[in-house]
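Participant: let's see this in three dimensions:
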Amino acid sequence: MLRKIIIALTAVVVGGFLLIQLLPFGRNHTNPPVIQEPAWDSPQTQELFTRACADCHSNTTVWPWYSNIAPVSWLVYNDTMEGRQKLNVSEWNRPQEADEAAETVSKGEMPPAIYLPTHPAARLTAAEKEQLIRGLQATFGGEVGNSRGENDDD
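Facilitator: Model (predicted):
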């Protein structure tokens, strides 16, 4: 009896997995054109940003193979669209939340931890992270607070 239940549950799980593959959400991997990029303060800042941030914050996303398999495809697509909405260096001709970029990197919020295992190049050394933060400040503006989240001039 237990064996029949396990077989039935396995069939339901596998069937459900196959069924969700038919849903079209999360599979539009057409990158919009690059319209305008910011005036980067240095080639190093641009290279570090490209390595650690560009998949979600530009129109040059590299869509990995697993971004075609639901439900992971839904998460990847949603994260990319949300990232582009907040900060998109390929559409520099529109309003951006760029002044917070250095602070989110400084706080360790970006790149997100879930992104790093499948994107090892985005794992920056401490020196690279500091260089990226300084470069983002120089390119986009904004301030980075101290360890308590306050600005030094408060």
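Participant: from Tyr77, how far out is the most centrally placed residue in the chain?
Facilitator: Nearest residue to the geometric centre of the chain (CA atoms, centre = their mean): Cys56, 3.7 Å. In this view, Cys56 and Tyr77 are 11 Å apart by CB to CB, to the nearest Å. Every C-beta, even on glycine, is put in place using the N, C-alpha and C of the backbone.
Participant: tell me where this structure has helices.
Facilitator: With DSSP state H as the criterion, the chain has helices at 2-20, 43-52, 54-57, 72-86, 101-106, 126-140.
Participant: please compute how far the third one lies from its chain's middle.
Facilitator: When you say that, I think you mean helix 54-57. 5 Å (CA atoms, centre = their mean, to the nearest Å).
Participant: quick one, what contacts the nearest residue to Ala102 once chain neighbours are set aside?
Facilitator: Spatially, and ignoring its direct neighbours in sequence, Ala102 is nearest to Leu136 (3.9 Å; CB to CB, 6 or more residues apart in numbering). Applying CB atoms under 8 Å, 6 or more residues apart in numbering, we find Leu136 in contact with Thr45, Phe49, Ala98, Ala101, Ala102, Val105, Gly142.
Participant: 7 Å instead, please
Facilitator: With contact taken as CB atoms under 7 Å, 6 or more residues apart in numbering, Leu136 is in contact with Thr45, Ala101, Ala102, Val105.
Participant: before we move on, what about Glu97?
Facilitator: For Glu97, the contact set (CB under 7 Å, 6+ apart) comprises Lys86, Leu87.
Participant: got phi/psi on it?
Facilitator: Per-residue torsions, Glu97: phi -100, psi 40 (degrees, to the nearest 10).
Participant: if I look at the closest residue to Gly141 other than its chain neighbours, how far off is Phe140?
Facilitator: Distance criterion CB to CB, 6+ apart; nearest residue to Gly141, sequence neighbours excluded, is Asp99 at 5.0 Å. Distance of Asp99 to Phe140, computed by CB to CB: 6 Å.
Participant: neighbour count: those two, which is higher?
Facilitator: A direct count of neighbours by other CB atoms under 10 Å for Asp99 and Phe140 places Phe140 higher, at 20 against 14.
Participant: wait, the more buried one sits on Glu100?
Facilitator: No: with contact defined as CB atoms under 7 Å, Phe140 does not reach Glu100; the gap is 8.6 Å.
Participant: need the overlap of contacts for these two.
Facilitator: Common neighbours of Phe140 and Glu100 are not found (criterion: CB under 7 Å, 6+ apart).
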